[in-house]
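**Q** dropping a prediction and its sequence here:
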Amino acid sequence: MASERVVVVGGGLAGLAASMRLAEAGVSVDLISMVPVKRSHSVCAQGGINSVNTATRELGDSEYLHLDDTVYGGAFLQHQPPVKEMCDWGPRIIDLMDRLGVAFNRTNEGNRDQRRFGGTMYKRTAFAGATTGQQLLYALDEQCRRWEVDGLIRKHEYWEFLGPILDDNGVCRGVVAQDMFRMDIRAFPADAVVMANGGCGLIYGRSTMSLICTGGAAGRCFKAGVKYANGEFIQVHPTAVPGTDKLRLMSESARGEGGRVWVPKKPHDDRDPMSIPEGERYYFLEERYPKYGNLVPRDIATREIFDVCVNQKLSVEQDRLCVYLDLTHLPSSTHKKLEGILAIYEKFQATDPRVKPMKIFPAVHYSMGGLWCDYEKNEQTGGLVLGSPRNHQSNVPGLFVIGEADYQYHGGNRLGANSLLSCIFTGMIVAPSVESYMAALRTRASDMPTSMFDQEQARHKTHCDALISGNGDENPYHIHDELGDSMTRNVTVVRYNKNIEQTLAKIDELDERYKRIRLSDKGNWTNQNLSFSRALGDMLVLARVIARGAMQRDECRGAHYKPDFAITAPDADDPATLRQQAIKWCDAFQASNDQWLKSTVCGYRPDGDHEFGYEEVDTSLVPARPRTYGLKGAEIIEEVWNERMKKKSTESAADTQAVANA
Amino acid sequence: MSKKINVTVKRQDEQNSGSRWEKFSLDYESGMNVTTLLQRIAANPVTVDAGESTPVAYDACCLEEVCGACSMIINGRVRQACSALVDNLLQDRPDQITLEPMTKFPVVRDLLVDRSFMFNGLKKVRAWVPVDGYFDRGPGPKMSPHQQEDQYPLTECMTCGCCVEACPQINDRSSFIGPHAISQAILFNEHPVGQFEEGERMKAITGVGGIGDCGNAQNCVKVCPKNIPLTRSIAKAGKMATKFVFRNFFGT
Ligand SMILES: Cc1cc2nc3c(=O)[nH]c(=O)nc-3n(C[C@H](O)[C@H](O)[C@H](O)COP(=O)(O)OP(=O)(O)OC[C@H]3O[C@@H](n4cnc5c(N)ncnc54)[C@H](O)[C@@H]3O)c2cc1C
Ligand code: SF4
Ligand code: SF4
Ligand code: FES
């Protein structure tokens, strides 16, 4: 029997974790990546990685509470079994990364130190300075290099994935990829394919993401039949620094370590911020959310910053929207822990954030949605059946999805420092799933006729030639700018249907213009123009999935916020009226959940009129509840809701009793 | 009329073809960096004298000086393009900005070079912790904050190649593995578990192309964008090498 081969597309945290686990199991891996894997986008992650730990446990923390924070933060839009499994694995994953040599910060006793991140009351986040992603990525990169020397992993760096190869039965049998230097196009037969291609922020033009985060690979899978889920859930991070080429993130760890967000009470106060007295500063997050303060989850912090700048017109600057993120009061030992990000600010803004508050504004940061994939629930534990071939397999047999490219773990809004965890976790658990899948396969890729691979290779070659020879009058870079502008304006923090409609019309227009693009490089050697232009086509496809998904979802959930469908908060002074309002609020909340607590699942149609369906969400472990985060004035909502739940559970206990008695 | 910036780029079409200079004139915008200039050229690749050209090939990814991709020679100095701010460059030299590929690596095209040499060096020095496996074995070794502070700067090496570019000992005639690889060898030699393979690493460090080739010119440490204490690593490697050779010689 020919030995099993797996193709892994992407060498970020997810792809590397999967590759090394597969290699450990003796499976040969072809690891394909557009950039040397050590330069993958995961390297940018700054703040840290979450898990329950001995210190939080002492304060009452548990894996269950990590699950609870994650689904509450995600507005209950994620299936809970995979999330539970991830939280259970958290401590083990940090231990493993520790063994692999990650330079986690230490306490005096030599234990790992932890900081607090948004959306939780516990210090769950392990970190290595402010370059945690880099450290984690390198540790996995080193292990994969070890397997490379042993011959089990073959790396194909500077190779671009062009599409999966499906046989006549729709089973994935490998991929087609292109050498980005020589431009050769080649088929890679495989018994299973693992997509670990990361996020798609470039659809928004500038974001906090790296240049490779185009969503190109995801778009290509989608066009080949893989479903795309919850595309409309795009995280906008509250604190980034605008730049001409990129919006550079200022990690949540800045607030986790005590950073405070504020604006002067006097609009556009032009005094030196350090000379503005405490009493004339508006610490709006702390005032509105006394419990979580600056560490409310990202969707909330982002909306509050928007509200302060746009509606209350309190932006620090008159002609540019921004608020202060202030670290000047922190001791130098804390500055040291944040060195990585402070250096970025200093380098790119030429201002020292240790002595002057930073000026920041929200930016597109993460896609909670992604390629659809399955899981198998363990009825006993509530988590996953480990090794089930269903875990992370998409609707295309043999094609698995992990990391930011999947949609399973973060629901309507991701908590900070949960992504690195989900990436490594999914890489670890997909390996046994792939093994089980391959063990049950009756025919292997090596049994397939070579003509099938040749045909796919030729098809991509033709497509590529057509792009190169196109002689229209449209510039792909301009189309990209216009797409980014329209998406950023209408499909980010605050969404109105009439604006989303404008963006959909814009996408129609850009689609037409895309057909007439002309590449300024028509050569056949290291043609980066070709790679970008091809990805642009895929960005347009995914942009439509995101915008249509947003259009159809008439509610507010996590990062998806439509004022026209927001439930009015109780505000009466008179207690009785207030209570009535809260009752109404809870009714509306219940109704909205009944209608919308479900995932968008979208299937490709070549005419662009994609099929939108919805999938029930498994909330069997933590029932959905109002997401107030202790907002001042919203206590009454929680009170009413809790009474309701209590009543419900007494009733259902009584029912059970009645059934038993009958 | 808006202010213009003159950008001169050394271009090379293919691996073995000759090179030529091309001049571009771009609109100034405040806060630009060199990668933005290259993006603007890509969107409109028109040279000052010869008219329509092609986008300049270059390597870049993170745009915040952490991935190591975008090293090139900017106004004669090797550095990261993404953190090279145009305002600062213009202060030093108002008339133009010059971009060239690094010279110690084979050029693939234009500013894009092939750095596989560096990744191979990491294989030679076995830059990893030789763990038994990826199953659950509890936490890693305890470490003092002090040890972590020693280790952390070395872990930040992004294989960008600036040090290799600056090192006089790296040239066509030498097989020197380079400062970055030596520094990584030290990182793992000093790790409580990594040190179990110290012997293997020291074979590479003391062999052909190892530490003996370093002329201690200290150019490397001056150009490292991450301020990695390379000379400290090199000094440590020298000491370890002496001990290692001595031990091997006497068979103890
Ligand atoms: C600035 C920033 C800071 C962050 N900080 C944190 C943090 O502190 N904590 C946290 O939990 N999360 C953080 N995140 C999120 C987290 O970093 C990412 O979600 C995560 O790293 C994604 O990892 P990944 O393995 O899925 O993909 P990536 O690391 O994005 O890797 C994708 C891989 O796919 C490859 N690829 C893509 N397309 C193709 C193609 N067509 N052909 C071949 N290869 C392809 C790429 O080459 C790359 O190797 C941060 C994100 C950003 C932007
Ligand atoms: S100190 Fe050694 S490695 Fe560094 S530049 Fe000099 S010769 Fe090269
Ligand atoms: S040591 Fe410094 S200059 Fe050399 S590759 Fe590493 S980061 Fe770059
Ligand atoms: S683009 Fe990553 S270091 Fe410059």
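**A** Now that the structure is in, tell me what you want to look at. Ligands and ions are numbered 1, 2, ... in the order given.
**Q** can I get the CA coordinates of stretch A:108-127 in PDB?
**A** Provided in PDB are the C-alpha atoms of stretch A:108-127 (Å, rounded to 0.1, in the frame of the first residue of the first chain):
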ATOM      1  CA  ASN A 108       9.700  35.100  40.600                       C
ATOM      2  CA  GLU A 109       9.200  31.400  41.400                       C
ATOM      3  CA  GLY A 110       9.700  30.500  37.700                       C
ATOM      4  CA  ASN A 111       6.100  29.800  36.800                       C
ATOM      5  CA  ARG A 112       4.400  31.200  33.800                       C
ATOM      6  CA  ASP A 113       3.000  34.700  34.300                       C
ATOM      7  CA  GLN A 114      -0.500  35.600  33.100                       C
ATOM      8  CA  ARG A 115      -2.300  38.800  32.200                       C
ATOM      9  CA  ARG A 116      -6.000  39.700  31.900                       C
ATOM     10  CA  PHE A 117      -7.600  40.200  28.500                       C
ATOM     11  CA  GLY A 118     -11.000  41.400  27.500                       C
ATOM     12  CA  GLY A 119     -14.300  39.700  28.300                       C
ATOM     13  CA  THR A 120     -13.200  37.900  31.400                       C
ATOM     14  CA  MET A 121     -12.600  38.700  35.100                       C
ATOM     15  CA  TYR A 122      -9.600  36.200  35.200                       C
ATOM     16  CA  LYS A 123      -6.000  36.500  34.300                       C
ATOM     17  CA  ARG A 124      -6.000  33.600  31.800                       C
ATOM     18  CA  THR A 125      -3.600  34.900  29.200                       C
ATOM     19  CA  ALA A 126       0.000  33.500  29.100                       C
ATOM     20  CA  PHE A 127       2.300  35.700  27.100                       C
END
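**Q** and stretch A:503-515, which residues are buried?
**A** By 16 or more other C-beta atoms under 10 Å in any protein chain shown, the buried positions in stretch A:503-515 come out as A:T503, A:L504, A:K506, A:I507, A:L510, A:D511, A:R513, A:Y514. Using the backbone N, CA and C atoms, a C-beta is placed for each residue, glycine as well.
**Q** residue of the stretch 551-662 of chain A nearest ligand 3, please.
**A** A:A559 (35.5 Å; C-beta to the nearest ligand atom).
**Q** I figured that residue hits A:G412, correct?
**A** Yes. Under the criterion of C-beta atoms under 8 Å, A:A559 makes contact with A:G412 at 6.0 Å.
**Q** overlap in contacts, these two.
**A** Both A:A559 and A:G412 are contacted by A:F233, A:D299, A:M368, under the criterion C-beta atoms under 8 Å, 6 or more residues apart in numbering or on different chains.
**Q** domain map for chain A?
**A** Split into domains by automatic domain parsing, chain A comes to A:238-363, A:455-565, A:575-661.
**Q** burial of B:S53, as a residue count?
**A** Using other C-beta atoms under 10 Å in any protein chain shown, B:S53 has 17 other residues around it.
**Q** actually B:H146, not the one I wrote
**A** Per other C-beta under 10 Å, the neighbour tally for B:H146 reads 11.
**Q** show me where chain B has helices.
**A** Taking DSSP state H, the helices of chain B run over residues B:34-43, B:86-92, B:116-124, B:145-155, B:162-166, B:179-189, B:198-206, B:219-223, B:230-250.
**Q** contact partners of the first one?
**A** The one in question is helix B:34-43. Applying C-beta under 8 Å, 6+ apart, the contact partners of helix B:34-43 are A:244-245, A:475, A:477-478, A:520, A:528-529, A:532, B:5, B:7, B:9, B:24, B:26-27, B:29, B:55-56, B:58, B:60, B:63, B:70, B:72, B:74, B:81-82, B:84, B:86, B:89, B:97, B:99, B:111.
**Q** with that, I have no additional questions.
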